[in-house]
Every structure is written in C-alpha cells, then in structure tokens.
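Undergrad: Please work out how this folds:
(one chain, ligands or ions: 1)
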Amino acid sequence: MKSGRLIAMTDIHGELAKLDSLLNKLNITSSDELVFLGDYIDRGPDSKGVIDRIISMSDVCKCTYLKGSHEYAYLNARKGDEYYKYLFWNYGGIQTVESYGSFENIYKVHGKFLDSLRPYYETDKYFFIHAGLRPGIPLEKQNEVDFYYIRGDFIYHKHDLAKKIIFGHTEFDEPLVQDDKICIDTGCGKYKNAVLTAIICGSEEFVHS
Ligand SMILES: [Mn+2]
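TA: Predicted structure coming up:
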C-alpha cells in the first residue's frame with residue numbers, strides 16, 4: 001500500500017482563496033498528513049474563513065496546527081500586553097477584527113483553537129516550526145519567543161538538530177532551500193500577487209496556489 005504524503009504550509013494570513021486553490025491542487029486524501037506552521041490570521045481579507053477551513057481539514061486527514069508570530073501576538077494582546085497590542089493592531093490585525101466582526105469575537109469563535117496551537121512538531125526526519133530556533137542552544141533551553149520571531153540568526157547559520165527544519169515567517173520570492181532547512185513562506189498575504197506554497201516532504205516538491 002502506498003503510504004500518504006507529509007505536507008506542510010505556512011503563513012496563510014487570511015488569504016482563503018489562495019488556501020482553497022492550494023488544497024484543491026494537492027487533492028488531499030485520508031492517508032495524507034498536513035502540518036500548518038502558523039500565521040493563519042492578519043493582513044488578508046478572511047482570517048476567520050482560513051481558520052474554519054484548516055480546522056475542517058481535520059475531518060479529511062491527520063492535521064497538526066502550530067502557533068505563528070501573529071497568533072502569539074494576538075493571544076498576548078488579548079491578555080493586555082501593550083507591546084503585542086501594538087504589533088497586533090499595526091501588522092494586519094484590523095483585517096482580522098473585520099473578518100470576525102469585533103476583537104472579542106475572535107476569541108469567542110476560535111479561542112479554543114488558538115489556545116491549542118503547538119510551538120513545534122517533529123517526525124523521524126523533519127522538524128516543523130514557525131520561525132526557527134536559536135543555534136547553539138538545546139531545544140529545552142530555547143526562548144519561546146524565538147520559535148515565532150527569529151530570522152537571520154537562524155536562517156543564515158547551521159542548526160544542531162539531526163532533522164531538516166521546515167519553517168516560514170520570513171518571506172522569500174521562492175522557497176529558500178538549504179541543506180539543513182527549508183523556508184516555505186512566499187509572501188502570501190503580504191504581497192498581492194504572492195503565492196501560498198506547500199512542501200511535500202520526502203520528495204521535497206513544492207506546490208503553489
Ligand atoms: Mn507571517
């Protein structure tokens with residue numbers, strides 16, 4: 001029996017039409033496994049629709065949902081943190097509020113989902129995370145904020161894990177492929193014509209919206 005595919009995607013940012021297009025192209029079946037690397041909300045027009053859609057995929061196949069920087073900022077803004085309130089309201093949160101009708105509705109509708117998001121996920125050969133890890137520091141001693149926000153210190157240095165890291169958060173025109181890591185954020189939600197990209201692990205083939 002042919003086993004299913006392990007597929008990851010990231011940084012959807014409210015772009016439901018691009019998500020639908022990508023999922024249709026992938027033709028997901030019950031033997032596949034999907035890993036979502038975070039940043040479902042903000043900037044694009046339909047954050048609520050994106051989260052409804054990715055939750056619905058758990059009826060089709062095994063799904064794992066990671067926390068992105070925008071969900072981390074939202075959750076901290078909700079708790080009243082001034083710095084994260086600033087980030088939320090100035091980096092696309094207004095579109096998220098419009099999509100839910102009010103700030104309060106975000107948590108009423110999807111609070112349980114947002115509270116359930118995981119910092120990272122790993123399989124035998126792959127390690128999935130939103131932004132990355134700080135090189136030279138053991139996983140258990142990492143600062144959680146780096147999981148969601150680190151950029152160059154991770155991207156341009158080798159890491160110590162014996163697995164390939166699949167990540168997003170920092171956008172590139174095309175997937176950034178290195179020996180020890182692959183970034184699949186191609187700017188969806190940030191740039192009008194940017195595509196949403198998925199990676200099929202193993203073959204490491206890319207599929208675009
Ligand atoms: Mn992002």
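Undergrad: Roughly how far does the residue lying closest to Phe88 once chain neighbours are set aside sit from Tyr91?
TA: Spatial nearest neighbour of Phe88, excluding adjacent residues (Cβ to Cβ, 6 or more residues apart in numbering): Ala77 at 4.0 Å. From N, CA and C alone the C-beta is placed, and that goes for glycine too. To Tyr91, Ala77 is 11 Å away according to Cβ to Cβ, to the nearest Å.
Undergrad: Looking at these two, which one has more neighbours?
TA: Ala77 (20 against 14; other Cβ atoms under 10 Å).
Undergrad: for the chain, which spans come out with low pLDDT?
TA: Applying pLDDT under 70 to the chain flags residues 1-2.
Undergrad: Can you pull the residues of it lying near the ion?
TA: With Cβ under 5 Å from the ion as the criterion, the chain comes near the ion at residues Asp11, Asp39.
Undergrad: What residue in the chain comes nearest to the ion?
TA: Asp39 (3.7 Å; Cβ to the ion).
Undergrad: so what's that residue closest to, chain neighbours aside?
TA: Leaving aside its chain neighbours, Asp39 sits nearest to Gly68 (3.4 Å; criterion: Cβ to Cβ, 6+ apart).
Undergrad: And that neighbour, its phi and psi?
TA: phi -100, psi 170 (degrees, to the nearest 10).
Undergrad: count of residues packed around it?
TA: Gly68 has 30 neighbours, counted by other Cβ under 10 Å.
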